[in-house]
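Participant: sharing a sequence plus its predicted fold:
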Amino acid sequence: MKKLIILGVVVVALVLTSLLYKGKEEKENKLQTIKINNTFLNVEIADTNQEKIKGLSGREGLSEDQGMLFVFEEEGSHGIWMKDMNFNIDIAWIDKNKKIIYIEKDVSPSTYPKVFYGSQKEEPLLSLYVLETKANFFEKVGIGIGDLVEF
């Protein structure tokens, strides 16, 4: 009987360890370094609906070399809002060729509930990715529309 209890405890410990490791591995896989021109940026990947809805909401800020890359399944007019944001950001829309097609600079949390769609024209541009960075990042490092993103 004692051996069965010990065996049960060992099995439970192995299962829990496996689950904890898998969660850590998935989190690590959600981080990636991207390159735009000669600038490197460490981004968190948001590719699930839950991650895309939450975005950077509730966080206190980003460092100069951090961002969030939203990855969509299809090209479209992907809207970004500032719900529950605590700091200003720059937002870049990126097409299927990984080219920046529009940048919205220094977007404030006070703009909520406005939704930004990657263009000020009546017809929004189609993007496959959206990149959020610290406010004024693109201007500081000289990145603009037409630049390619490597990842």
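Facilitator: Sure thing, it's come through.
Participant: how many residues are close by D65?
Facilitator: 14 (other C-beta atoms under 10 Å). Glycine gets a C-beta too; all of them are placed from N, C-alpha and C.
Participant: I figured it was touching L41, is that so?
Facilitator: Yes. Judged on C-beta atoms under 8 Å, D65 makes contact with L41 at a distance of 5.9 Å.
Participant: name the SS class of K140, please.
Facilitator: The three-state label given to K140 by DSSP: H, G, I helix; E, B strand; the rest coil is helix.
Participant: okay, it: pLDDT?
Facilitator: We have a pLDDT of 97 for K140.
Participant: got it, and L19?
Facilitator: 43.
Participant: repeat that for P124.
Facilitator: P124 is given a pLDDT of 73.
Participant: and what of F116?
Facilitator: For F116, the model assigns a pLDDT of 95.
Participant: tell me the contacts of it?
Facilitator: 79-81, 91, 104, 107 (C-beta atoms under 8 Å, 6 or more residues apart in numbering).
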